[in-house]
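Student: Just to be clear, the model below is a prediction. Sequence and coordinates:
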Amino acid sequence: MNLTWLSSNLSWILELTLAHLWLTLIPTVVGLALALPLGWWAHQVPRLYGLIVGTSGLFYTIPSLAFFVLLPGVIGTRILDPINVVIALTIYTLALMVRVVADGLAAVPRETVEAAEAMGYRAFQRFTRVQLPVAVPVILAGLRVAVVSNISIVTMAAIIGVQQLGSLFTQGYSLGLMTPILTGIILCLLIAVVLDLLILGLSRTLTPWRPAAVRSGKGVLA
Amino acid sequence: MSGLIEFFADPGNWSGSTGIPVRIGYHLLYSLIALGLALVIAVPLGIYVGHTGRGEAVVAGMANALRALPTLGLLIVVVMLAAPLFSSSLVFTAPAILVLVLLAIPSILTGTYTGIQTADRSAVDAATGLGYTPMQVLTRVQLPCALPLMISGVRGAMLQIVSTATVAAYVSLNGLGRYIIDGRANNDFGQMAAGAALVAVVALVLELAFLLAGRLTISPGLRRSERRVKVPASAAPAT
């Protein structure tokens, strides 16, 4: 490790880390927020399941770098605008989570849903107070996958000039210096571990009724 | 947008060593080489893990760790470390392909071993009862049953490869990514958009080809349960 480079670039590295966090978190949260109603819809209307899950799957097929470059032409933004990265990642998160939400809701035991119905819950109440809480472990397990993937995908945007931790890779490559690259990789992995643990913690907090052994998350994320 | 149309309308972009057909050819060639190598490594390993149940935790852990590892960083590190080891003609190509293979393995491996593990238990028992040897059980029952998940895994790997091969243009790999990198360097947004559109089309065509291959090769008896035997979301690649 080249400590001189590291110490003289500390504030830039911090800036990149914060930018990386925003570019990862906003799409993850917005993508999940959009996936919840859409996934519910796909679950409620079985005929729509294939259409919704299939269409979102096609978006997932488009390689990220191509997506970043193509979006400006479709939505009229500037090509180097970070908003392109945010929108592309939101669509990826939505594509992944829609299926997770629909499958998570499908895995809620029928008796539980019927009990809620018998107690007089309306469709919306049943969704927010019964189905969604029971599906939390599955949904958040999917969200862990999405957030970790997003952290990695954001770095690609360095190629088109959007500043975040990936900029350390391109910087290191043009300088022929390993230190910035390793710094970037380590920080990416660190953010991944922290966000992964945060979601795992959230999952446990939201499901106090589950036995500790199950809540430890083993077996949820294959 | 107008730059994009101009790019495709220019006959000069359709011929020669930087023309669209040659670049598509290189992109597919490198992708297929990487996929072939990944298959040779991952399928036997996946069969072993699925058949014996050994090393499952290691494989799952590896797949998760690789997802978090940023592809671009990995590419640059491997190219910087490995480039001196190769002769001049392979100096960028070989390390880049190495990374493509590495990234493709987890998806194929996961698809193969989960496919074999989730093969209908009663079918396996019935085959054993009929006097099949373990090898016959594997080739005549478990592998055909595992095919849908294996194909899903290979499809994921292919997408990951095509996507990463695009990014690898940054470390001088030939292929469609060149248009994006070179266009960026020259502020030629039409060329960038054209490259991106071509990459997206290639990825979508390959996706559809895999869907078709699945329809043609999966035993009709398994299709009814297709919705049940989905690859877990965690096996989706980060492209």
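Tutor: Great, that's in hand.
Student: Determine the longest helix present in chain B.
Tutor: helix B:20-52 (DSSP state H).
Student: So which elements touch the strand or helix carrying residue A:40?
Tutor: In this structure, residue A:40 is located in helix A:10-44 according to DSSP states H and E. Using 3 or more CB pairs under 8 Å, 6 or more residues apart in numbering or on different chains; DSSP states H and E, the elements in contact with helix A:10-44 are helix A:46-61, helix A:82-106, helix A:132-154, helix A:166-175, helix A:178-206. For glycine as for every other residue, the C-beta is placed from the backbone atoms N, C-alpha and C.
Student: wait, does the last one contact chain B?
Tutor: Yes. Contact of helix A:178-206 with chain B (CB under 8 Å from any CB of the partner chain) involves A:178, A:181, A:182, A:184, A:185, A:188, A:189, A:192, A:193.
Student: got a list of what the last one touches?
Tutor: Spelled out, that is residue A:193. Listed by CB atoms under 8 Å, 6 or more residues apart in numbering or on different chains, the contact partners of residue A:193 are residue B:68.
Student: Could I get the pLDDT score of it?
Tutor: The model reports residue A:193 with a pLDDT of 92.
Student: picking that back up, mind listing what's buried along the helix holding residue A:40?
Tutor: Neighbour-count burial for helix A:10-44 flags A:13, A:16-17, A:19-21, A:23-28, A:30-32, A:34-36, A:38-40, A:42-43 (criterion: 16 or more other CB atoms under 10 Å in any protein chain shown).
Student: Buried residues in stretch B:71-91, which are they?
Tutor: Result for stretch B:71-91 [16+ other CB under 10 Å]: buried residues B:71, B:72, B:73, B:74, B:75, B:76, B:77, B:78, B:79, B:80, B:82, B:83.
Student: picking up where we left off before, just name the closest of the residues of helix A:178-206 next to chain B to residue B:107, please.
Tutor: Residue B:107 lies nearest to residue A:192 out of these, by CB to CB, at 18.4 Å.
Student: Can you tell me how far the nearest residue to that closest one once chain neighbours are set aside is from residue B:96?
Tutor: In space, and not counting its chain neighbours, residue A:192 is closest to residue B:68: 4.0 Å by CB to CB, 6 or more residues apart in numbering or on different chains. As judged by CB to CB, to the nearest Å, residue B:68 and residue B:96 stand 21 Å apart.
Student: Between these two, tell me which one has more neighbours.
Tutor: residue B:96 (28 against 21; other CB atoms under 10 Å in any protein chain shown).
Student: Quick check: mean pLDDT of the strand or helix carrying that one?
Tutor: Secondary-structure assignment from DSSP H and E places residue B:96 in helix B:93-117. For helix B:93-117, the mean per-residue pLDDT is 92.
Student: Show me what it is packed up against.
Tutor: Using 3+ CB pairs under 8 Å, 6+ apart: helix B:93-117 touches helix B:20-52, helix B:56-68, helix B:71-82, helix B:143-167.
Student: Next, report how far stretch B:40-54 is displaced from the centre of its chain.
Tutor: 18 Å (CA atoms, centre = their mean, to the nearest Å).
Student: How about that stretch and chain A, touching?
Tutor: No. On the criterion CB under 8 Å from any CB, stretch B:40-54 is out of touch with chain A, staying 13.0 Å away.
Student: Would you mind pulling the contact partners of that stretch?
Tutor: B:55-56, B:59, B:101, B:104-105, B:108-117, B:134, B:138, B:142-143, B:146, B:150, B:157.
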